[in-house]
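Participant: got a predicted model here, sequence first, then my questions.
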Amino acid sequence: MANLREISRRMSSIRSTMQITRTMEMISTARIHKALSKAEEAGPYKEAITNMLANVASAGFDESQPLLARRLSERNVLFVLVASDRGLAGGFNILPQRSVERQMRDLQKRGIGASVITCGRKPTEYFTYRKIRPVLSFVGMSSEPSRDEADRIASYVMDGYASGRFDRVELVYWHAKNRVDQTQVSESLLPVTREQLMMPNKPRTPEAMSKVEHAAYTDYAFEPSASEVLGYLMPAYIRTVIYHALLDSAAAEHGARRRAMQSATDNAKEVLGSLSRTYNRERQASITTELNEIIGGASALEDN
């Protein structure tokens, strides 16, 4: 009987857990549609400004502009890591966190400074625990990112790059391909190359960018010059890319959590089914034992 009570308690605990995971799955399923819609609505603006930059870059790409300048060597690298405030989303947080930490350690071994901006409570706590203090951190808004957050990150990134504090800026986040699949993205935010601007559509592989044609758009007249216009447009481009990454990551977070909770619910059902079979076998064995005892007792009385 003690074994039956223990199995019954485990089954009750698993049922309670399964109710929680199913509820979280339903919540994420409801939220992912809204988050995906926001990311998709911001997509055309990002595409439009990138295409505009591509046209201007084809007419005049001047590396003397602060945000277009390329460094001869790397001394400091900044990572912008976009993750989540909450867990229970599979590898959504831990995979990019470990990836960025590994890259930072490798850079430091080569004598290159590395720092990180964290978006989300989980990456902030992860790096703080490992004695790596983020230069900027944002918590409490991973599910509902704001333009103010993107503007603050962009201002810090652009000021740091223009002043020479950073020689490269990497943006790391999850891209929501659809409601089910997510892809981890790591792209160079700065410096921006002419090939990157002239190839707005991904994937921007080295092979693909090497085939970009540097054709000038002679139909446009630029005042004061194409290179200066490009310099004016770059801040808007940086802000747009960062804001779109925040929205994309929010949609990916809900998708990852929905899939993780669905998997947890399925696993709970499987364990519950196994425990039910074990419970039934134990209960049948207990009933059989009791019947044998009753029959044995009755036989003893008849013999007397």
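Facilitator: That came through fine.
Participant: now the helices for the stretch 51-200 of the chain?
Facilitator: 94-109, 121-129, 147-163, 194-197 (DSSP state H, counting those that start in this stretch).
Participant: give me the below-cutoff pLDDT ranges for the chain.
Facilitator: Scanning the chain for pLDDT under 70 picks out 1-2, 57-64, 194-223, 225-226, 290-293, 295-304.
Participant: all strands for it, in order.
Facilitator: Under the criterion DSSP state E, the chain contains strands at 76-82, 113-119, 136-138, 168-176, 182-190.
Participant: would a markdown table of those with distance to Leu36 and mean neighbour count be doable?
Facilitator: To be clear about C-beta, it is placed using only N, CA and C from the backbone, and glycine gets the same treatment. Output for the strands of the chain, formatted as a markdown table (distance: least, Cβ to Cβ, whole Å; neighbours: other Cβ atoms under 10 Å):
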| stretch | distance to Leu36 | mean neighbour count |
| --- | --- | --- |
| strand 76-82 | 16 | 24 |
| strand 113-119 | 19 | 23 |
| strand 136-138 | 21 | 20 |
| strand 168-176 | 6 | 23 |
| strand 182-190 | 11 | 17 |
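Participant: could I get these as a markdown table with distance to Leu67?
Facilitator: Listed next are the strands of the chain as a markdown table, based on distance: least, Cβ to Cβ, whole Å:
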| stretch | distance to Leu67 |
| --- | --- |
| strand 76-82 | 14 |
| strand 113-119 | 17 |
| strand 136-138 | 19 |
| strand 168-176 | 10 |
| strand 182-190 | 7 |
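Participant: of those, which is nearest Glu25?
Facilitator: Counting by Cβ to Cβ, Glu25 lies closest to strand 182-190 out of the strands of the chain; the figure is 15.7 Å.
Participant: so what strands line up beside that closest one?
Facilitator: With DSSP bridges as the test, strand 182-190 is paired with strand 168-176 (antiparallel).
Participant: partners of the residue most central in space within the chain in the sheet?
Facilitator: In the chain, the residue lying closest to the centroid (Cα atoms, centre = their mean) is Trp174, at 3.5 Å. Trp174 has the following beta-bridge partners by DSSP bridges: Gln184.
Participant: thinking it is in contact with Gln184, fair?
Facilitator: Yes: here Trp174 reaches Gln184: they are 5.7 Å apart, a contact under Cβ atoms under 8 Å.
Participant: what touches both of the two?
Facilitator: Common neighbours of Trp174 and Gln184 are listed as Pro96 (criterion: Cβ atoms under 8 Å, 6 or more residues apart in numbering).
Participant: ok so, going back, reformat the helices of the stretch 51-200 of the chain as TSV; add distance to Asp266 and mean neighbour count.
Facilitator: As requested, these are exported to TSV (distance: least, Cβ to Cβ, whole Å; neighbours: other Cβ under 10 Å):
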stretch	distance to Asp266	mean neighbour count
helix 94-109	21	16
helix 121-129	24	19
helix 147-163	35	17
helix 194-197	42	20
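Participant: closest one to Ala268 among these?
Facilitator: Closest of these to Ala268 is helix 94-109, at 21.8 Å (criterion: Cβ to Cβ).
Participant: what lies in contact with the closest one?
Facilitator: 77, 79, 81, 83, 113-114, 116, 122-123, 126-127, 130, 132, 170, 172-174, 184, 186.
Participant: just stretch 169-185 next, same as before
Facilitator: For stretch 169-185, the external contacting residues (Cβ under 8 Å, 6+ apart) are 32-33, 35-36, 39, 77-83, 92, 95-96, 99-100, 103, 157, 160-161, 186-190, 241-242, 245-246, 248-249, 251-253, 255-256, 258-259.
Participant: quick one: that stretch to chain centroid distance?
Facilitator: For stretch 169-185, the separation from the chain centroid amounts to 6 Å (computed by Cα atoms, centre = their mean, to the nearest Å).
Participant: pull the CA atoms of stretch 168-185 into CSV?
Facilitator: Output of stretch 168-185 as CSV, limited to C-alpha atoms (Å, rounded to 0.1, in the frame of the first residue of the first chain):
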residue,chain,number,x,y,z
ARG,A,168,33.5,45.9,-34.1
VAL,A,169,29.9,45.4,-32.9
GLU,A,170,28.2,42.0,-33.2
LEU,A,171,24.4,41.6,-32.8
VAL,A,172,23.3,38.2,-31.5
TYR,A,173,19.6,37.2,-31.3
TRP,A,174,17.1,34.6,-32.4
HIS,A,175,15.2,35.0,-35.7
ALA,A,176,11.6,33.7,-35.8
LYS,A,177,11.3,32.0,-39.1
ASN,A,178,7.6,31.1,-38.3
ARG,A,179,5.5,30.0,-35.3
VAL,A,180,7.5,26.8,-34.9
ASP,A,181,11.1,27.4,-36.0
GLN,A,182,13.8,29.8,-34.7
THR,A,183,17.3,30.4,-36.0
GLN,A,184,20.1,31.9,-34.0
VAL,A,185,21.6,34.9,-35.8
